[in-house]
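*Asks:* Pasted the sequence and its predicted model underneath.
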Amino acid sequence: MAEKVKEINKNDKIYVAGHLGLVGSAIVRDLKRKGYENIVGRSLEELDLLNQAAVFSFLEAECPDVVILAAAKVGGINANNTLPAEFSYQNLQIQLNVIHGAYLSGVKKLLFLGSTCIYPKLAPQPIKEAALLTGLLEETNEAYAIAKIAGLKMCQYYKRQYGSNFISCMPTNLYGPHDNYDLKNSHVLPALIRKFHEAKLGGAAEVEIWGSGSPLREFLYVDDMADACVFLLENYNGEEHVNIGTGEEVTIRELAEIVKVTTGFDGEVVWNKEMPDGTPRKLTDVTRLHALGWKHTVGLADGVRRAYEWFVENVGEARL
């Protein structure tokens, strides 16, 4: 007979891998809001997640009850396209070390965070969880996607073979406090915020944006994502991964207009159609998550406003 699932509780020690990043910091905020106080985090200087021996020793010594794997090497189209070996090696290594280390140290529950880029480039829209491995991936982020697919499959395999309560979720495009604003490797929304903000401050006549503006994208405010993650930790023990998103989409052109208005830039927008668009459309089907009882609360315009306010207030410490 299968062992009864041990539910998490407010006294559990929770290790958040990647607690200083966009995703991890939001999860820490949400955990604290909900009364979880025994939270453990380590910076890169304190613990190199690429070092297997160090990770295993840390988990054995700390003995966390719950692990949230939010650490990853991430970036936009340019970074993924030019650094595929780094994206592949680093993400696979982090996942191998943390997931196996969690099993060895007896962690009672683990949440692995992936990305909706795991799905085929031309998957039927909106994308259901069942679309995984049914077609070719988007070439520009294939290395990252394959690593994330391996991570979610590891969680499934450890659950099947060992009975480990390891679950996975796949968030859509995220944005918010502590995002990456480095124009060389950031995602589209923080890049737009920085571009329009600096253009406004510099009195520029125009802002150039890559691509045609026609791709459709879905965006989720990171605090909503964190709320969904903690919800899944408290309410979900299934083997199948769960999409986290809004189920709503906008074109990049529409997104640029929202950011332009939010930042107060009054110049022109120029679209560089010589640069790649990436996947033409990527909308998640969030039926499974809605059926479990969770739905997002922050709309895109409100979320962009909050993200921009954070950027302006913290530009001296933001990742530029």
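*Replies:* Cool, the structure landed.

*Asks:* Go through stretch 95-108 and flag the buried ones.
*Replies:* 95, 96, 97, 98, 99, 100, 101, 102, 103, 105, 107, 108 (16 or more other Cβ atoms under 10 Å). All C-beta spots, glycine's among them, are computed from the backbone N, C-alpha and C.

*Asks:* How about stretch 248-265?
*Replies:* Judged by neighbour count using 16+ other Cβ under 10 Å, the buried positions of stretch 248-265 are 248, 249, 250, 252, 255, 256, 258, 259, 260, 262, 263, 265.

*Asks:* repeat for stretch 25-45
*Replies:* Neighbour-count burial for stretch 25-45 flags 25, 26, 27, 28, 29, 30, 31, 36, 39, 41, 42 (criterion: 16+ other Cβ under 10 Å).

*Asks:* Next up, the contacts around the fourth one.
*Replies:* If I follow you right, that is residue 28. Neighbouring residues of residue 28 by Cβ atoms under 8 Å, 6 or more residues apart in numbering: 16, 19, 39, 41.

*Asks:* ok, back up a step: can you put the buried residues of stretch 248-265 in JSON lines and add secondary structure, distance to residue 118 and pLDDT?
*Replies:* Output for the buried residues of stretch 248-265, formatted as JSON lines (DSSP: H, G, I helix; E, B strand; the rest coil; distance: Cβ to Cβ, whole Å; pLDDT from 0 to 100):
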{"residue": "248", "secondary structure": "coil", "distance to residue 118": "20", "pLDDT": "97"}
{"residue": "249", "secondary structure": "coil", "distance to residue 118": "18", "pLDDT": "96"}
{"residue": "250", "secondary structure": "strand", "distance to residue 118": "22", "pLDDT": "97"}
{"residue": "252", "secondary structure": "helix", "distance to residue 118": "21", "pLDDT": "96"}
{"residue": "255", "secondary structure": "helix", "distance to residue 118": "22", "pLDDT": "97"}
{"residue": "256", "secondary structure": "helix", "distance to residue 118": "26", "pLDDT": "97"}
{"residue": "258", "secondary structure": "helix", "distance to residue 118": "27", "pLDDT": "98"}
{"residue": "259", "secondary structure": "helix", "distance to residue 118": "27", "pLDDT": "98"}
{"residue": "260", "secondary structure": "helix", "distance to residue 118": "31", "pLDDT": "98"}
{"residue": "262", "secondary structure": "helix", "distance to residue 118": "30", "pLDDT": "98"}
{"residue": "263", "secondary structure": "helix", "distance to residue 118": "32", "pLDDT": "97"}
{"residue": "265", "secondary structure": "coil", "distance to residue 118": "34", "pLDDT": "97"}
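
*Asks:* quick one: the strands in the chain?
*Replies:* Taking DSSP state E as the test, the strands found in the chain are 14-17, 39-40, 66-69, 109-113, 166-171, 173-175, 206-210, 216-217, 219-221, 242-244, 250-251, 268-272, 281-282.

*Asks:* mind checking which of the ones you listed is nearest residue 5?
*Replies:* strand 109-113 (8.2 Å; Cβ to Cβ).

*Asks:* now that closest one: how far from the chain's centre is it?
*Replies:* Distance of strand 109-113 from its chain centroid, counting by Cα atoms, centre = their mean, to the nearest Å, is 13 Å.

*Asks:* same deal with stretch 92-110?
*Replies:* Offset of stretch 92-110 from its chain centre (Cα atoms, centre = their mean): 19 Å.

*Asks:* Report the mean confidence score over that stretch.
*Replies:* The pLDDT scores in stretch 92-110 average 98.

*Asks:* related to what we said a few turns ago, format the buried residues of stretch 95-108 as a markdown table; extra columns: distance to residue 298.
*Replies:* Converted to a markdown table, those look like this (distance: Cβ to Cβ, whole Å):
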| residue | distance to residue 298 |
| --- | --- |
| 95 | 29 |
| 96 | 34 |
| 97 | 33 |
| 98 | 29 |
| 99 | 30 |
| 100 | 35 |
| 101 | 34 |
| 102 | 31 |
| 103 | 35 |
| 105 | 35 |
| 107 | 31 |
| 108 | 31 |
